[in-house]
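# Could you look at this predicted model? Sequence included:
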Amino acid sequence: MKTIVLYLKMALLILFMASCNNKPKIGFLMDTLELERWNKDKKFFEQKVNDLGGIPVVMIAEGNSIKQTNQAEELLLKGVDVLVVIPVDLYSSRDIVKKAHEQNVPVISYDRLIRDCDLDYYVSTDNINIGELQADYLSKIAPVGKYGLIGGATNDNNAFLLHLGWMNVLQPLIERGDIEIVLDRYAASWDEDQAYNIVKEFFAEGNKDIDAVIAGNDALATGAIRALREQNLQKKILVAGQDADVGAIRNIVAGFQTITILKPIDALANAAASAAMSLAHGEALTSTNLTVNNGFKLVPSILLSAQVVNRQNIKMTVVSEGFVSEAEIYE
């Protein structure tokens, strides 16, 4: 009897190990975890892949494009079925796509578009629309005045899309003579200190008048606010950011920042994870809703919508959706 029980246990163990080996491996190559939002992407993505019966394998490049390419090669050697990539660099990441295709592994570009390659899929928010939301909100409050634009890192395609969105709204006002762009710079990275130095330099050059600042993300907005505070201009200048970081929500409550943009990060991560698992099972994606030109081809894409967060709707947006807790905001 004991022998039969032992054989049964061994058979169950073998079946369990076999089922584990059959689970799809989904590689997730991330740029960095330094910015608050990326930690949320990682958590939601891993959770969704696990829920769908896959194995997420995450690697962080720490802002190094060469390191990210090496990590891609490592994951391909480990036999991942799909690669999901937040590219460090919009151009050099095309090498990852090439190497993956040599192993018949599809690639999904996550949040940021990989340019000039035979990319399989792209999952992101509509970044042009995000730029339009930022500019439209501020220009309704200040339809006349001097504006500063602080774009994100130029190795990220989103920086250009956001800028395009800003100008879609502001250009008619500029042509009418109502708005003047007195500062228009791209930062070297999506880092707070970058924007602080840009705005500090703006004032050091003798410029004094500015009515609004549109920043590519909340870290850049926070850096701009630091420089504005040194000029005693906090609460006097309109500031727009993006990502709904806790610090940005606190700045909105304090009156230092006007708005941020809430991306549906849980939906974004879930969409990418679901797409990756479908591809791993050899299924065609039916969830793509449009195509995006990456310079080489029209890439089947999923683009989600974002929303404005201001002082009046904090509880109805980031709090009610569980993105940020009231305790975090008001502690």
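It's in.

# buried residues in stretch 239-252?
Residues of stretch 239-252 classed as buried: 239-252 (neighbour count, 16 or more other Cβ atoms under 10 Å). C-beta: built from backbone N, CA, C; applies to glycine.

# oh, I was asking about stretch 85-99
85-90, 92-97, 99.

# And stretch 206-216, by the same measure?
Buried, per 16+ other Cβ under 10 Å, within stretch 206-216: 210-216.

# what's the spacing between that stretch and its chain's center?
Between the centre of stretch 206-216 and the centre of its chain there are 25 Å (Cα atoms, centre = their mean, to the nearest Å).

# Any idea how far apart the tips of that stretch sit?
From its first residue to its last, stretch 206-216 covers 24 Å (Cα to Cα, to the nearest Å).

# Max pairwise distance over the buried residues of stretch 239-252: which two?
Greatest spacing in the buried residues of stretch 239-252, by Cβ to Cβ: Ala240 and Val246 (17.2 Å).

# Phe28 looks like it's in a strand, true?
Yes. Assessed by DSSP: H, G, I helix; E, B strand; the rest coil, Phe28 belongs to a strand.

# show me the contacts for it.
The neighbourhood of Phe28, defined by Cβ atoms under 8 Å, 6 or more residues apart in numbering, consists of 42, 45-46, 56-59, 84, 110.

# Closest to Asp193 out of these?
Lowest distance from Asp193 to the contacts of Phe28 (Cβ to Cβ) belongs to Lys42, with 23.7 Å.

# Please identify which helix or strand holds that closest one.
Assigned by DSSP states H and E, Lys42 belongs to helix 36-51.

# list the buried ones in the helix or strand following that helix?
Downstream of helix 36-51, the first helix or strand assigned by DSSP H and E is strand 55-60. Using 16+ other Cβ under 10 Å as the test for burial, strand 55-60 gives 55-60.

# Tell me the strands beside strand 55-60, with direction?
Strand 55-60 has the following strand partners under DSSP bridges: strand 25-30 (parallel).

# and Asn217, how many neighbours?
Per other Cβ atoms under 10 Å, the neighbour tally for Asn217 reads 28.

# That one contacts Glu36, correct?
No. Counting by Cβ atoms under 8 Å, Glu36 is not a contact partner of Asn217; they are 10.0 Å apart.

# what sits in contact with each of the two?
Asp243.

# Would you check that Lys315 makes contact with Ile329?
No. With contacts defined as Cβ under 8 Å, Lys315 does not count as touching Ile329, sitting 9.4 Å away.

# the more surrounded of those two?
Between Lys315 and Ile329, Ile329 has the larger neighbour count (other Cβ under 10 Å), namely 17 against 10.

# Pull the number of nearby residues for Ser189.
The local packing of Ser189 (other Cβ under 10 Å) involves 18 other residues.

# Quick check: phi and psi on Leu298?
Backbone geometry at Leu298, expressed as degrees, to the nearest 10, gives phi -90, psi 110.

# Thank you, goodbye.
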